[in-house]
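Colleague: sharing a model that was predicted from the sequence below.
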2 protein chains.
Amino acid sequence: MQGNNHDDVRRHNLSIILRLVHRGGAASRAQLTRLTGLNRSTIGALVAELVERGLVEERTPDPTKLAGRPSPIVAASDRVVAIAVNPEIDAITVGVVALSGVVHRSIRFATPTTPTVAEAVAITASIVTDLRRDLGKYSIIGMGVAVPGLVRAHDGLVRNAPHLGWVDEPLCDLLAEVTGLPVVAANDASLGVTAERYFGAGQGMTDLIYLNGGSSGIGGGLVVGGVAAGGRAGYAGEFGHTKVSAGCRTDSAGIAGTLEAEVTRGALLDVLGLPAGQTDADDLERALLASTAPAVRAEVNRQVDFLAVALAGAVNILNPELIVLGGFLAALYVVDPGRLTRAVAALTLGTAFDEVQIAPALLGSNLLLIGAAELAFETLLLDPQSESGNSAGLSPLSVRAAGSATAAV
Amino acid sequence: MQGNNHDDVRRHNLSIILRLVHRGGAASRAQLTRLTGLNRSTIGALVAELVERGLVEERTPDPTKLAGRPSPIVAASDRVVAIAVNPEIDAITVGVVALSGVVHRSIRFATPTTPTVAEAVAITASIVTDLRRDLGKYSIIGMGVAVPGLVRAHDGLVRNAPHLGWVDEPLCDLLAEVTGLPVVAANDASLGVTAERYFGAGQGMTDLIYLNGGSSGIGGGLVVGGVAAGGRAGYAGEFGHTKVSAGCRTDSAGIAGTLEAEVTRGALLDVLGLPAGQTDADDLERALLASTAPAVRAEVNRQVDFLAVALAGAVNILNPELIVLGGFLAALYVVDPGRLTRAVAALTLGTAFDEVQIAPALLGSNLLLIGAAELAFETLLLDPQSESGNSAGLSPLSVRAAGSATAAV
DNA sequence: ATGATACGTTGCCAATGTCAACAAATCATC
DNA sequence: GATGATTTGTTGACATTGGCAACGTATCAT
């Protein structure tokens, strides 16, 4: 059933070390020795191989104030990068994320209309071509795409992205053909939970669920037993269609009484009297916190109570350590944390589920870029001996536009 | 974070081979070579070690009708056994299950009243003592307990078994002390899904959910991404408390409108006019299939529709390959498969979830024994080099009572 | 400057799976 | 019934890998 090993040992050990410095940040060789349980000499040899492959760099030790020979710091390379892509209804965002976790670039290309697949591919290809010119010294591992819709895990086919109007589009193949890079795609919320799990609110946890509230609905992802759950075909995490009421409001799939039908950003904006277009998640949160209007409070309470039903259902089934809320759901939680916590507790098996925590998402606008890049890195992390990317290009990266700066191209 | 390996290679390979012959049944050495991708000589050496440890046996080849030297058949031992225990409200069932999958014994000890923990331990200890006398030639690996309630994964503490009235009982420790065997416990429904996954309706699947309807409520278990999901503390799978209606009937936890409140065996028996005590799942299924009364049909439809809400919620979140229904839920499904299938489809994201299948549980009365034994075997399967049980006893096992025979002791 | 401590480096060793050559056991054909 | 083809077990040499112990090295404390 499962393959076995001889040189798999090496691959596995290289994989573990690369994962540790990628996800846990830089670590000394001595720390790696303790974390892995491997011998000092082995760690030395393994790190040497990773350095030779250009995947990690060794720095002179930090001043540690401790006796003994200082241990070199091993850090994931800044030069090994993945391209992260996130198509949305009004823009295509392309990011350059390094194995070290640094987001070198984040380019948001606004589109006048909702992009078709062909447009999205063309725009992405154009940005990538420009980036390659700038990214001379960098090694591009591959491309990860965060799609707001159902993505078939098997081949990255976009089965249905309702808000983009994409149905059965071979996005991965198209992007791979145009860019020559290996391309992987997944649902955006599934990537969100990956990002939060490794770099955000869920660090070190093995069982967590993530719900994101966007302008077009509610999606999510889950990690079960340390494994990002995709389900049979990669469609897992559709929390938005959980039935939470007997009401007749319907969601985007035409199902009545679901979480996505009852809990909406639009209803919050309406009751606050805010315009839909220019209000982002932070604005909404501020407005909710500032408002004392009874109508606002009533709507918040109504939505929180429905959210609690969906969360309680998931908690009873999955018994997670942590529930991470993103987008406007985070705002809903922050406005009245006690109400949601109590409502969930009332609907779950009391004492047994006391330990469940709820937290807002930590990663902001970079969430999806980090998640998509992580997807692209996964191949490399699984087998650091595989051909490590193709560094094609000319000049070094200029330093502008680091972080999550937004720039038209 | 994760340990690494040197001799781990051997352990891993031994583990894989033992798993293959345990779960997939006997296989020839040639088949093992293909399945594992290992070399013939390696398979030879590994199998030899397993034979020496008494974990597998080699038989002369079957007549294969093919050219070439016949390959010896490797089969998991019948002599290596686990004790499986399942306390219920009116009986304690103890089974002897071999690594080969054979259920050597199944002993149901009826109790006049709901057993306390002390009684359950005493009864089990007494049966095990008797068994040991009979099981001379057998090697007892350990004991697995299927508990109808919440079991903390960490240490096997029974947090809350409402129908037995057990709260925070260190059942594992008590049984281990009395019998001297390593004891592991888990929720009964979680073990049910394990059994169905390896030996029943879900063979070879990586994403499935299992719901069991018993006289005292609805529990379940899930396998996500090939891993049996326990959740943070092992409480995952409590499907019974999913909210499915706005009604005010309450479940055993006092929550209104849940699956367990609306979908009950009792209501079916009432409408059928059957007595609660003597009707088992098969009787109920027969009665439901035979009845044409409108009231019965109406109640079935009502329950099926509520069941669909809970299943749809789980499907949207988990995107499983298969839903396995056990106990009276299987009866509910079999009476009108189309209705449940259609109702679930209507509440999930159409096309994307078309492939979800629903099936009744395959394993009958042995389900929990097999699941509990699997739990006990897990240690051995993970590391076949660990001390493989203590064969203490005198005379060989008499051949009576194989299969699922029920006998008082 | 000396010692203690902690860590990297080096060479040797043991364990394990692979490989190739050979032997064995079956079937098909004459 | 003998021969060849085919498939598989067996055996011994081999390569790779991590562990280990001894030694060298870099820091801190006195």
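Modeller: On my side now, so go ahead.
Colleague: hang on, A:G220 is in a strand, isn't it?
Modeller: Yes: counting by DSSP: H, G, I helix; E, B strand; the rest coil, A:G220 falls inside a strand.
Colleague: what's the distance between stretch A:7-20 and the middle of its chain?
Modeller: 24 Å (C-alpha atoms, centre = their mean, to the nearest Å).
Colleague: now stretch A:270-288
Modeller: 24 Å.
Colleague: again with stretch A:188-208
Modeller: Counting by C-alpha atoms, centre = their mean, stretch A:188-208 is centred 7 Å from the centre of its parent chain.
Colleague: can you show me the helices along chain A?
Modeller: All helices of chain A, identified by DSSP state H, fall at A:8-23, A:29-36, A:40-52, A:117-134, A:171-179, A:188-199, A:259-262, A:265-272, A:281-290, A:294-318, A:328-335, A:337-346, A:367-382.
Colleague: how about the last one: buried residues?
Modeller: Neighbour counts over helix A:367-382 (16 or more other C-beta atoms under 10 Å in any protein chain shown) mark A:367-378, A:380-381 as buried. Any C-beta I mention is one placed from the backbone N, CA and C, and that applies to glycine too.
Colleague: cool, and stretch A:214-223?
Modeller: In stretch A:214-223, counting by 16+ other C-beta under 10 Å, buried: A:214-223.
Colleague: which member of these is positioned nearest DNA strand C?
Modeller: A:V223 (31.5 Å; C-beta to the nearest atom of the strand).
Colleague: hang on, the earlier thing: could I get the buried residues of stretch A:214-223 in a markdown table, plus columns for pLDDT and distance to DNA strand D?
Modeller: Below are the buried residues of stretch A:214-223 laid out as a markdown table (pLDDT from 0 to 100; distance: C-beta to the nearest atom of the strand, whole Å):
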| residue | pLDDT | distance to DNA strand D |
| --- | --- | --- |
| A:G214 | 87 | 44 |
| A:S215 | 82 | 49 |
| A:S216 | 81 | 47 |
| A:G217 | 87 | 46 |
| A:I218 | 93 | 45 |
| A:G219 | 91 | 40 |
| A:G220 | 94 | 38 |
| A:G221 | 96 | 33 |
| A:L222 | 96 | 33 |
| A:V223 | 97 | 28 |
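Colleague: between these, which is nearest B:K243?
Modeller: B:K243 lies nearest to A:I218 out of the buried residues of stretch A:214-223, by C-beta to C-beta, at 16.8 Å.
Colleague: ok, the closest one - contacts?
Modeller: Applying C-beta atoms under 8 Å, 6 or more residues apart in numbering or on different chains, we find A:I218 in contact with A:211-212, A:239-240, A:259-260, A:263, A:329.
Colleague: one more: A:D155?
Modeller: With contact set as C-beta under 8 Å, 6+ apart, A:D155 has these partners: A:170, A:172-173.
Colleague: in JSON lines, list the residues you listed along with pLDDT.
Modeller: Shown next, in JSON lines, are those (pLDDT from 0 to 100):
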{"residue": "A:P170", "pLDDT": "97"}
{"residue": "A:C172", "pLDDT": "97"}
{"residue": "A:D173", "pLDDT": "97"}
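Colleague: and DNA strand C, which of these contact it?
Modeller: The overlap between the contacts of A:D155 and the neighbours of DNA strand C (C-beta under 7 Å from any atom of the strand) is empty.
Colleague: please name whichever of the helices of chain A is nearest to B:V309.
Modeller: Nearest to B:V309 among those is helix A:294-318; the distance by C-beta to C-beta comes to 10.1 Å.
Colleague: buried residues, that closest one. List them.
Modeller: Residues of helix A:294-318 classed as buried under the neighbour-count rule (16+ other C-beta under 10 Å) are A:296, A:299-300, A:303-318.
Colleague: now swap in stretch A:262-278 and tell me
Modeller: A:262-265, A:268-269, A:271-272, A:274.
Colleague: what's the spacing between it and its chain's center?
Modeller: Offset of stretch A:262-278 from its chain centre (C-alpha atoms, centre = their mean): 25 Å.
Colleague: now what about it, what contacts it?
Modeller: The contact list for stretch A:262-278 (C-beta under 8 Å, 6+ apart) reads A:213-215, A:218, A:244-245, A:247, A:249, A:279, A:283-284, A:287-288, A:291, A:293, A:295-296, A:299-300, A:302-303, A:306-307, A:327-329, A:331-332.
Colleague: so which of the contacts of A:I218 comes closest to chain B?
Modeller: Proximity of the contacts of A:I218 to chain B was ranked by C-beta to the nearest C-beta; the top entry is A:F239 with 6.1 Å.
Colleague: ok, now how distant is that closest one from A:V315?
Modeller: Using C-beta to C-beta, to the nearest Å, A:F239 is found at 12 Å from A:V315.
Colleague: before we move on, the earlier item: which one of the buried residues of helix A:367-382 is nearest chain B?
Modeller: Nearest to chain B among these is A:L381, at 12.6 Å by C-beta to the nearest C-beta.
Colleague: ok, the residue of the stretch 201-350 of chain A found nearest DNA strand D - contacts?
Modeller: Using C-beta to the nearest atom of the strand, the single residue of the stretch 201-350 of chain A nearest to DNA strand D is A:G226, 22.8 Å away. With contacts defined as C-beta under 8 Å, 6+ apart, A:G226 is in contact with A:206-207, B:227.
Colleague: can you select the buried ones from the residues you listed in PyMOL?
Modeller: Per 16+ other C-beta under 10 Å, the buried members of the contacts of A:G226 correspond to this PyMOL selection:
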select buried, chain A and resi 206+207
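Colleague: format the contacts of A:G226 as CSV; extra columns: distance to DNA strand C and pLDDT.
Modeller: Output for the contacts of A:G226, formatted as CSV (distance: C-beta to the nearest atom of the strand, whole Å; pLDDT from 0 to 100):
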residue, distance to DNA strand C, pLDDT
A:T206, 28, 94
A:D207, 32, 96
B:V227, 24, 93
